[in-house]
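Enquirer: quick one, what's the 3D model for this:
(2 chains)
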Amino acid sequence: MKIQKKAHAGTLESGDVLVTVMPSDTLTIEIQSPVVRQFGDAIERSARDVLDAMNIRQGAIHLDDQGALDCTLRARLHTAISRALMEEDDTADPSGKDGNTVVMTE
Amino acid sequence: MKLSRRTGKVMPSLKDAIRSSCLKDGMTISFHHHLRAGDYVLNDVLHTCTELGFSNLTVNASSIMACHTPLVEAIRAGVVTGIECNFMHASVGHAISQGLLANDVLFRTHGGRPAALESGTAHIDVAFIAASASDPEGNCNGKEGPSAFGSIGYAMSDAVHADYVIVITDHLMPYPLTDVSIPENLVDAVVVCDSIGDPDRIMSGTTRITRDPIGLLIADYTARAIEACGLLEDDFSFQTGAGGTSLAAAAYIGERMRKLGVTGSFASGGITGLLVDLLNEGVFKSLADVQCFDREAAASIRKNPHHVEISASRYASPQAKSTIVDRLDAVILGATEIGTDFSVNVHTDSNGMIMGGSGGHSDTAAGASLAIIAAPLVRARLPLIVDRPQTVSTPGKTIDLLVTQYGMAYNPKRRDLHDCLTGAGLPVFSIEELKEKAERLTGKPRLLKNEGRIVARVIGRDGDELDVIRAVHK
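Expert: Numbering: from 1, shown residues only, chains lettered A, B, ... in the order given. Sure thing, here's the model as predicted:
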């Protein structure tokens, strides 16, 4: 599978990770993390696991990690790739928000 | 006949005062950190020393704060080649960790510093004392004037032991000042400047109660543990840090004391508005204050006689005949790491970079009957509990209890706590069990070892070297 368009998942809150995936002819994984010295290898392993499981061979993957747990990291990457693989129509969001239409009144 | 009176010790400028001190290359100058992140004095003095062409000076400061980054320039210029302090903010600490300073930084504790001055292990040639009010003879305090910061406790030992004492103030008052914290008999010169600091920045962001549910849960467990140990009786005494979790614990303890109708004896340490409220409500009879953390505390120490200013020596010096910390029932402290032997790191971050220091951590841990570390079990994927902390700031034998949001662990030397804690229904584990719990969440972090040269030495409160800190190369 090939990533067709740019997509994000996650946040820059402590304990989360902001994943950005972009189209590319090769596969690159870029990891930025305050715990890269302690968990850099583990983060890369998990990222490759998710990519393999989703059959992704090409794409530029950027992980801006804020100390996310492994489960968070996997979930965010999975979501980002799913978004990147969606057809344009699927992602069209009338509310301009993240898939939910929320109306609040006072 | 007209009386001729002394005109006092006021010097025309900081330069003149430094010249009058006979400061020489290689000597030690000292500072105190009561103006916290708003301090101008250390930077002004270093700037003037640079202009006067001094080199090879050692800075002995009670703490190096975030605003002291000009110190890095003074080190690069060779003006400063040595640092002794009890705490060093990351803004300077990171530069030190990269090997900037030729000599090793000496880290002491808030009690160890005056003890070293008392015993002569450390010597100050010229002390620079920031005072928010002074008269022309140097009677001074931190309580009056536009830059009032409250207690001047850490500077008292400097005034007693330094060879030459320069008071720097932005508020000259007529002789004699009546509310005197440091008296004229110790002062050689007075300098009047435009401003000693930015009062808005004395209050750092740390002095607010946390709203983080994890912090609140830890605080709740901590307060319940103190009650379970039977300490919440009349004349209870305690200290907390100014971190959000510690403050929340203090608030919960105050609440429990009100409900139980208990009147505490004293609270000590860095004092916050929260403790001032407990004093005013009558929950505690007095406050022993070595440093004010916020404006509420600074205002209270000025007008309330039960809010007592204390010197660093009376606070915690192991050389003193008795101290406040030895009277503490409980202290609540933080940690960046804790070893399975309960030894605590508050000096270095997860990569071994300097970003703190003991302050009164080791002193209160050694003194208090119940020394509690209250901290989250995991912070940004890093487990709190490790086999051995990167830096030992406080020896494990002085820590009694660790409280996390997943439960608590007592030091095996305090097996007597077991029944109290479990009897109160609190979640008690061994520290190894808590460590495993954390690692199940985070995975096992790769062990880091810094092999660089020694950049700092951690001196325990008894004067012995506890640990060394090595350079980190990026």
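Enquirer: could you use CA atoms for every contact and neighbour count after this?
Expert: Will do.
Enquirer: count residues in the vicinity of the closest residue to chain A within chain B, would you?
Expert: Nearest residue of chain B to chain A, counting by C-alpha to the nearest C-alpha: residue B:380, 4.0 Å away. As a burial measure, the neighbour count of residue B:380 was computed by other C-alpha atoms under 10 Å in any protein chain shown and equals 18.
Enquirer: do I have it right that it meets residue A:70?
Expert: No - between residue B:380 and residue A:70 no contact is recorded; they are 11.4 Å apart, counting by C-alpha atoms under 8 Å.
Enquirer: endpoints of stretch B:165-181, how far apart?
Expert: Between the opening and closing residues of stretch B:165-181 there is a gap of 14 Å (C-alpha to C-alpha, to the nearest Å).
Enquirer: the stretch 251-400 of chain B: strands as residue ranges?
Expert: Counting by DSSP state E, counting those that start in this stretch, the stretch 251-400 of chain B forms strands over residues B:264-271, B:284-292, B:307-309, B:330-333, B:337-339, B:344-345, B:370-374, B:378-379, B:382-383, B:385-386, given from the N-terminal end onward.
Enquirer: interface residues of chain A facing chain B?
Expert: Of all the residues in chain A, those in contact range of chain B (C-alpha under 8 Å from any C-alpha of the partner chain) are A:14, A:15, A:35, A:37, A:38, A:39, A:66, A:67, A:68, A:69, A:70.
Enquirer: how about those residues in JSON lines, adding secondary structure?
Expert: Shown next, in JSON lines, are the residues of chain A next to chain B (DSSP: H, G, I helix; E, B strand; the rest coil):
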{"residue": "A:14", "secondary structure": "coil"}
{"residue": "A:15", "secondary structure": "coil"}
{"residue": "A:35", "secondary structure": "coil"}
{"residue": "A:37", "secondary structure": "helix"}
{"residue": "A:38", "secondary structure": "helix"}
{"residue": "A:39", "secondary structure": "helix"}
{"residue": "A:66", "secondary structure": "coil"}
{"residue": "A:67", "secondary structure": "coil"}
{"residue": "A:68", "secondary structure": "coil"}
{"residue": "A:69", "secondary structure": "coil"}
{"residue": "A:70", "secondary structure": "helix"}
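Enquirer: buried among the residues you listed? Make that a PyMOL selection.
Expert: Buried residues among these (16 or more other C-alpha atoms under 10 Å in any protein chain shown), as a PyMOL selection:
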select buried, chain A and resi 15+35+38+39+66+67+68+69+70
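Enquirer: possible to save the strands of the stretch 251-400 of chain B as a markdown table with mean pLDDT?
Expert: Written out in a markdown table, the entries for the strands of the stretch 251-400 of chain B read as follows (pLDDT from 0 to 100):
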| stretch | mean pLDDT |
| --- | --- |
| strand B:264-271 | 95 |
| strand B:284-292 | 97 |
| strand B:307-309 | 98 |
| strand B:330-333 | 97 |
| strand B:337-339 | 98 |
| strand B:344-345 | 98 |
| strand B:370-374 | 98 |
| strand B:378-379 | 94 |
| strand B:382-383 | 96 |
| strand B:385-386 | 98 |
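Enquirer: now those strands as JSON lines including mean neighbour count and distance to residue B:37?
Expert: Written out in JSON lines, the entries for these read as follows (neighbours: other C-alpha atoms under 10 Å in any protein chain shown; distance: least, C-alpha to C-alpha, whole Å):
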{"stretch": "strand B:264-271", "mean neighbour count": "25", "distance to residue B:37": "15"}
{"stretch": "strand B:284-292", "mean neighbour count": "26", "distance to residue B:37": "13"}
{"stretch": "strand B:307-309", "mean neighbour count": "21", "distance to residue B:37": "21"}
{"stretch": "strand B:330-333", "mean neighbour count": "28", "distance to residue B:37": "21"}
{"stretch": "strand B:337-339", "mean neighbour count": "27", "distance to residue B:37": "25"}
{"stretch": "strand B:344-345", "mean neighbour count": "28", "distance to residue B:37": "23"}
{"stretch": "strand B:370-374", "mean neighbour count": "25", "distance to residue B:37": "25"}
{"stretch": "strand B:378-379", "mean neighbour count": "19", "distance to residue B:37": "25"}
{"stretch": "strand B:382-383", "mean neighbour count": "26", "distance to residue B:37": "28"}
{"stretch": "strand B:385-386", "mean neighbour count": "26", "distance to residue B:37": "30"}
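Enquirer: related to what we said a few turns ago, so how far is residue B:25 from the residue of chain B closest to chain A?
Expert: Residue B:380 sits 45 Å away from residue B:25, going by C-alpha to C-alpha.
Enquirer: one more: residue B:11?
Expert: Remark: distance between residue B:11 and residue B:25 (C-alpha to C-alpha) = 22 Å.
Enquirer: could you do residue A:56 as well?
Expert: 65 Å.
Enquirer: what about residue 83, how many neighbours?
Expert: Chain wasn't specified; assuming chain A. By the other C-alpha under 10 Å criterion, the neighbourhood of residue A:83 contains 21 residues.
Enquirer: that's the wrong chain, I meant chain B
Expert: 25.
Enquirer: for it, helix, strand, or coil?
Expert: With three-state DSSP as the basis, residue B:83 sits in strand.
Enquirer: run through the bridge partners of it.
Expert: residue B:59 (DSSP bridges).
Enquirer: generate TSV for the residues of chain A next to chain B, with pLDDT as supplementary columns.
Expert: Shown next, in TSV, are those (pLDDT from 0 to 100):
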residue	pLDDT
A:14	91
A:15	94
A:35	94
A:37	92
A:38	94
A:39	96
A:66	96
A:67	96
A:68	97
A:69	97
A:70	97
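Enquirer: residue B:45 looks like it's in a helix, true?
Expert: Yes - checked against three-state DSSP, residue B:45 lies within a helix.
Enquirer: can you give me the distance of it to residue B:261?
Expert: Following C-alpha to C-alpha, the distance that separates residue B:45 from residue B:261 is 50 Å.
Enquirer: same thing with residue B:368?
Expert: In this structure, residue B:368 lies at 23 Å from residue B:261, with C-alpha to C-alpha as the measure.
Enquirer: which ones are touching residue 32?
Expert: Answering for chain A, as no chain was given. The contact partners of residue A:32, taken as C-alpha atoms under 8 Å, 6 or more residues apart in numbering or on different chains, are A:62, A:63, A:64, A:65.
Enquirer: the chain in question should be chain B.
Expert: Applying C-alpha under 8 Å, 6+ apart, the residues contacting residue B:32 are B:61, B:62, B:63, B:129, B:130, B:154, B:155.
Enquirer: considering those residues, which possesses the most neighbours?
Expert: With neighbours defined as other C-alpha under 10 Å, the most crowded of these is residue B:130; it has 32 neighbours.
Enquirer: part of a strand, is that one?
Expert: Yes - Residue B:130 sits within a strand when classified using three-state DSSP.
Enquirer: please verify my assumption that residue B:400 contacts residue B:416.
Expert: No - using C-alpha under 8 Å as the test, residue B:400 is too far from residue B:416 to be in contact (10.5 Å).
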